[in-house]
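[1] When you get a sec, could you give me coordinates for this:
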Amino acid sequence: MDIMVTKYDHQAGKDYCELTLTNDCGMQVKLLNYGATLEKVLLPSESGLENVILSLPTPADYAKERNFLGGTVGRIVGRVRGGHWQLGDHLVQLPLNDGRNHAHGGKGTDTQVFSFQPAITERTVQATFTLVDPDGANGYPGNLKLQVTYTLDNQNQLTYQIWALTDRMTIFNPTNHVYFNLDGPNTTVEAQHLKLSSDYYLPLDAESLPYRGRVSVAGTVFDFRRGKSLGRVLRSHDPEIIAERGLNHPFMLTGRDPAVTLTSPLKNRVMQLRTTAPAVVVYTANHFAHTPGVTAQIGQYGGIAFEAQVAPQESPDLTPLILMPQEPFVRQTSWHFDF
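    Presented below is the predicted three-dimensional model:
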């Protein structure tokens, strides 16, 4: 087990660093303290290490324009209709940065520089990132202390834990926004197979927000309980798939593990996701189109994200997202790789 820290920039009195975690099987994970970001997951192959998540060309590119690739997105991931948190007479208006709605925490935690602490044990290598998000940042009440810990073990499992504490009632629903592609760079995920432990999904309206509660996946294109090719779904004629240009939907988890199984028949690789979150939003990188900028090398369906979270809410009271003062928030997600 090993960990290496490389400084690649220094701005506004803060070091920007890349951390490389290596286990005894030769698997490597690269992290950035910018956004507590999962930059690369490198698996051994016959031709050397191969990256199985979407990444930018250099660590410095992550701060050039917001991209969400592997970032710790918060305080809230996803959309809040009208930016409204209305609890009784208590109204918080969040900034509208997604048309008429609030999305991904405004200038969120994925755009902040975290302090960090590496640690090595006999069985794991670990990095913990810490940030204090001040009261009023992006319209959110409360000083929030946030710690994000990545732990790599010798069973080729990467565990991601978010811990937080606030001094005022606030709303909090973060996640890691990593995109997987088990076939490696410059391919799409259409040939890969997806299985979900989910009996219900949330249909979306024209603003990509839930509007009629959960619906059974039975008999729909959203039924992944037995697993199927992503290409079959992405090429389907389902109106919501057409409207979203792919998957962008919350799936309510049954609690059976693993919550997600992604398989590459081509490379004989499997990723299994387990999480303490009640839902995952499955997003098939629909908006990427090789547009100029830091993501120019990424095209539509170049990866697939499984955003472990509380599903976006219809009601403006946002009750499932409320975090009370001195009540610790803990959410854990793990990704296990067979290769």
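
[2] In what element of secondary structure is the nearest residue to residue 264 once chain neighbours are set aside found?
    Counting by Cβ to Cβ, 6 or more residues apart in numbering, residue 264 lies nearest to residue 182, which is 3.6 Å off, once chain neighbours are set aside. For the C-beta atoms, the positions are set from N, CA and C on the backbone; glycine is no exception. Taking DSSP states H and E as the definition, residue 182 sits outside all helices and strands.

[3] From residue 265, how far out is residue 182?
    Per Cβ to Cβ, to the nearest Å, residue 182 is found 10 Å from residue 265.

[4] Same question for residue 104.
    From residue 104 to residue 265 the distance is 33 Å (Cβ to Cβ).

[5] what's the helix or strand harbouring residue 42 in contact with?
    Secondary-structure element containing residue 42, defined by DSSP H and E: strand 37-45. Under the criterion Cβ atoms under 8 Å, 6 or more residues apart in numbering, residues 18, 25-32, 49-53, 55-56, 59, 62, 69-72, 110, 150, 156, 158, 160, 176, 178, 267, 269, 335, 337, 339 lie in contact with strand 37-45.

[6] Would you write a ChimeraX line that selects the buried entries of these?
    A single ChimeraX command selects the buried members of these (16 or more other Cβ atoms under 10 Å):
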select :18,27,28,29,30,31,32,50,51,52,53,55,56,59,62,69,70,71,72,110,150,156,158,160,176,178,267,269,335,337,339
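
[7] related to what we said a few turns ago, shared neighbours, residue 182 and residue 265?
    residue 192.

[8] When the two are compared, which one has more neighbours?
    The residue with more neighbours, out of residue 182 and residue 265, is residue 182; 28 against 12, by other Cβ atoms under 10 Å.

[9] Torsion angles phi and psi at that one?
    When quoted as degrees, to the nearest 10, the phi and psi of residue 182 stand at phi -70, psi -10.

[10] Surely it and residue 268 touch.
    No: applying Cβ atoms under 8 Å as the test, residue 182 and residue 268 come out as separate, 9.3 Å apart.

[11] before we move on, back to that, pLDDT on the helix or strand just after the strand holding residue 42, on average?
    Sequence-wise, the next helix or strand downstream of strand 37-45 (DSSP H and E) is strand 48-51. Strand 48-51 comes out with an average pLDDT of 97.
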